[in-house]
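Peer 1: My questions are about this predicted structure, shown below with the sequence.
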Amino acid sequence: MKKTKDKIIEKIIFICGILSIIFVALIFGFLFKEGIEFFRDFGLKNFLGSAVWRPTSVPPQFGILSLIAGSVLVTVGACIIAVPLGIAAALYISELAPKAIRDILKSLVELMAAVPSVVIGFVGMVIVAPYVRIILNLPTGLTAFTGSLVLAFMAMPTIITISEDAIRSVPKQYKDGALALGATNWQAIRRVVLMAAMPGIIAAIMLGIGRVIGETMAVMMVTGNAAHIPHSIFEPVRTMTATIAAEMGETVRESLHYRSLFAIGLILFLITFIVNFVADLFSGRSKNQ
Amino acid sequence: MDEGFFENGEKMEQIEIKDFYLYYGKFCALENINLSIKEKRITSMIGPSGCGKSTLLRSINRINDTIEGVRTTGQIFVNGKNIYDPSYDIDSLRRNIGMVFQRPNPFPISIYKNVSFGLEVNRICSKKSVMNEIVEKSLRDVLLWDEIKDKLKKSALTLTLEQQQRLCIARVIAVKPQVILLDEPCSALDPVATRKIEELMLILKQNYTIVIVTHNMQQAARVSQDTAFMLLGKLIEFNKTSTIFTKPKKKETDDYVSGRFG
């Protein structure tokens, strides 16, 4: 009796575990199917080799380069802002802050992660964008830079919490060993604690990047959505995610345009897959040590 | 100065602990400790778990300061200067008093970098050639050089535990301290490795003042010249090791060294 109960529970848990794999496989399969048909009709070279995205002109043009450029620019900008700030914040929380401040900061960071992206986009659109326009004296505040600012805010909680975990899990004896050799507190942190936590920090950065690349709503609201190759970070851009979200509602099912959006999704999926893979590689290495 | 001078004559006092109390919050972990440790000898601290021997050791290089809620009164003099004086430079103190921990704790960086760490943070030398020399000499001094000279760039975590502990000692002597504190350095090692580390201690004694905390009485008897016996945060008896183990003055000491408790 007990044994059959055990067996049944085991099976249920097994199904739950396997479900995530099935879902990912299904999503990928579906994306792949639609994307491949698009590549067959339109040609992979025309898709990846052109920067002109005019899905409704005749004949339609689906050059993804300007969208990739937009995504990359916004992502890189967000990382340049979020990575140093995030690691510094994680260091402060885990190594320097007094206990009372540490607890407050940690819950605030968690709260930061809980703000819905549309709210962040909204704040970005009505508050950040006008300031960007006025302070930098630009024709419009809806630029890649604004997107980077907003996305940096969204990536920071991920980077902070995971880096902080990594830093805190560095054995105290490492730091004690460094201090016992005459290192100052900062030398011990920089040369030993950060070094030991590095795999975890890199994983944190990768997951932060994953969050940034995949973000749609906030970016769509603040980047201006102009599909062209930008010459500087202070120009409007359009990202891959924003394109899918903005155009999916207007396409005819099974049309070339409809499938082109799946092709974009496929490219996005590949990028995030690579980012996650690299993150896993690093966090796996830290566990083996 | 040659060895002969020290064999017969009185050695200088290197560390003097006076009326020392240490509290973890409200708990009094060390009570009125008075102890003077002479240079170029091995002094061991023995006693049952929780008697405060490690705490006392960790007070000598003030590494206890990293624990929240630690408070001390009294003084510890190193070379005649009170290290608990607020104006005392802690970083230079720790450079002068090296410490080896219970679990080998090489940093997760290369073997070479582990040894050069102290040289770099203390700005002892910046020339690569001088640094190479010191690293090699330190590793030779702990008899590790021949085993690892071909893999200096490898992570220190690839070494065996005993090699790691030697590396930790090499890392300490690279910065040329006067005192080496050893906090149960062999408790993670097997008997063969323990013997090797003990032999190393006897060699190092010629140049360094060594203080070792151990829960292993035989180890204290084998390597040390002076022994302090502690119990419940108090120093019960301090004397020559031979005296402590053969004719202790206090009953508690006698009970402990003869294995009646502990």
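Peer 2: Sure thing, it's come through. What you are looking at is a predicted structure, and each value in this text was computed from that prediction instead of being measured.
Peer 1: all strands for chain A, in order.
Peer 2: Using DSSP state E, the strands of chain A run over A:53-54, A:61-62.
Peer 1: Please report phi then psi for the closest residue to chain B within chain A.
Peer 2: Chain B sits closest to residue A:182 of chain A, with a gap of 3.2 Å, by CB to the nearest CB. For every residue, glycine as well, the C-beta is placed using N, CA and C. As for residue A:182, its main-chain torsions (degrees, to the nearest 10) stand at phi 100, psi 10.
Peer 1: helix or strand right after whatever helix or strand residue B:37 lives in?
Peer 2: Here residue B:37 sits within strand B:27-38, counting by DSSP states H and E. Toward the C-terminus, strand B:27-38 is succeeded by strand B:42-46 as the next helix or strand (DSSP H and E).
Peer 1: before we move on, back to that, please verify my assumption that the residue of chain A closest to chain B contacts residue B:99.
Peer 2: No: Residue A:182 is not in contact with residue B:99 according to CB atoms under 8 Å; the separation is 10.4 Å.
Peer 1: excluding its backbone neighbours, what's nearest residue A:244?
Peer 2: Excluding its sequence neighbours, the residue lying closest to residue A:244 (CB to CB, 6 or more residues apart in numbering or on different chains) is residue A:261, at 4.9 Å.
Peer 1: end-to-end on stretch B:248-262?
Peer 2: In stretch B:248-262, first residue to last residue: 16 Å (CA to CA, to the nearest Å).
Peer 1: One more: stretch A:109-126?
Peer 2: Span of stretch A:109-126 from end to end, CA to CA: 23 Å.
Peer 1: Now do the contacts for the residue in chain B positioned nearest to chain A.
Peer 2: Distances from chain B to chain A, computed as CB to the nearest CB, single out residue B:95 as the nearest residue at 3.2 Å. Residue B:95 is in contact with A:181-182, B:118, B:122, B:175, B:177, counting by CB atoms under 8 Å, 6 or more residues apart in numbering or on different chains.
Peer 1: For it, give me the pLDDT.
Peer 2: Looking at residue B:95, its pLDDT reads 89.
Peer 1: again with residue B:228
Peer 2: 93.
Peer 1: swap in the one 3 residues further on?
Peer 2: Per-residue confidence (pLDDT) for residue B:231: 91.
Peer 1: State the number of residues packed around residue A:78.
Peer 2: By other CB atoms under 10 Å in any protein chain shown, 29 other residues sit near residue A:78.
Peer 1: Cross-check the contact I'm expecting between it and residue A:146.
Peer 2: No: using CB under 8 Å, residue A:78 is not in contact with residue A:146; the gap is 10.8 Å.
Peer 1: hang on, the earlier thing: report the buried members of the contacts of residue B:95.
Peer 2: Buried by 16 or more other CB atoms under 10 Å in any protein chain shown: A:181-182, B:118, B:122, B:175, B:177, out of those.
Peer 1: tell me the contacts of residue B:50?
Peer 2: residue B:232.
Peer 1: So the residue of chain B closest to chain A versus residue A:57, what's the distance?
Peer 2: Distance, residue B:95 to residue A:57, using CB to CB, to the nearest Å: 73 Å.
Peer 1: what's the answer for residue B:136, then?
Peer 2: Here the criterion is CB to CB. By it, residue B:136 lies 72 Å from residue A:57.
Peer 1: Give me the more crowded residue out of the two.
Peer 2: Using other CB under 10 Å as the criterion, residue B:136 and residue A:57 rank with residue B:136 on top: 15 against 9.
Peer 1: wouldn't the more buried one be in contact with residue B:146 here?
Peer 2: No: between residue B:136 and residue B:146 there is no contact under CB under 8 Å: 10.9 Å.
Peer 1: so where is the chain shaky, pLDDT-wise?
Peer 2: This is for chain A. Applying pLDDT under 70 to chain A picks out residues A:284-289.
Peer 1: my question was about chain B
Peer 2: Low-confidence segments of chain B, defined by pLDDT under 70: B:1-11.
Peer 1: farthest pair in the buried ones among the contacts of residue B:95?
Peer 2: Farthest apart among the buried ones among the contacts of residue B:95 by CB to CB are B:122 and B:177. That separation is 10.5 Å.
Peer 1: in the stretch 1-150 of chain B, which spans are helices?
Peer 2: Secondary structure of the stretch 1-150 of chain B, counting by DSSP state H, counting those that start in this stretch: helices at B:3-8, B:53-60, B:90-96, B:111-121, B:128-141, B:145-148.
Peer 1: need the ones you listed in a markdown table with distance to residue B:227, can you?
Peer 2: Formatted as a markdown table, those follow (distance: least, CB to CB, whole Å):
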| stretch | distance to residue B:227 |
| --- | --- |
| helix B:3-8 | 19 |
| helix B:53-60 | 11 |
| helix B:90-96 | 24 |
| helix B:111-121 | 29 |
| helix B:128-141 | 25 |
| helix B:145-148 | 32 |
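Peer 1: Looking at those helices, spot the one closest to residue A:121.
Peer 2: That would be helix B:111-121 among the helices of the stretch 1-150 of chain B, by CB to CB, at 45.8 Å.
Peer 1: Minimum distance to residue B:17: which of the helices of the stretch 1-150 of chain B has it?
Peer 2: Closest of the helices of the stretch 1-150 of chain B to residue B:17 is helix B:53-60, at 7.6 Å (criterion: CB to CB).
Peer 1: Dihedrals phi and psi, the nearest residue in space to residue B:262 that is not next to it in sequence?
Peer 2: Leaving out its chain neighbours, the residue that sits closest to residue B:262 by CB to CB, 6+ apart is residue B:48, at 4.2 Å. Dihedral angles of residue B:48 (phi, psi; degrees, to the nearest 10) stand at phi -70, psi 170.
Peer 1: quick one, what contacts residue B:48?
Peer 2: Residue B:48 makes contacts with B:215, B:231, B:256, B:261-262, as judged by CB under 8 Å, 6+ apart.
Peer 1: Filter these down to the buried ones and hand me the PyMOL line.
Peer 2: Restricted to buried positions by 16+ other CB under 10 Å, the PyMOL selection for the contacts of residue B:48 reads:
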select buried, chain B and resi 215+231+256
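Peer 1: mind giving me JSON lines with the contacts of residue B:48 and columns for secondary structure and distance to residue A:151?
Peer 2: Output for these, formatted as JSON lines (DSSP: H, G, I helix; E, B strand; the rest coil; distance: CB to CB, whole Å):
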{"residue": "B:215", "secondary structure": "coil", "distance to residue A:151": "55"}
{"residue": "B:231", "secondary structure": "strand", "distance to residue A:151": "61"}
{"residue": "B:256", "secondary structure": "helix", "distance to residue A:151": "65"}
{"residue": "B:261", "secondary structure": "coil", "distance to residue A:151": "65"}
{"residue": "B:262", "secondary structure": "coil", "distance to residue A:151": "61"}
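Peer 1: Could you point out which of the contacts of residue B:48 is nearest to residue B:23?
Peer 2: Lowest distance from residue B:23 to those (CB to CB) belongs to residue B:231, with 17.9 Å.
Peer 1: Sounds good, over and out.
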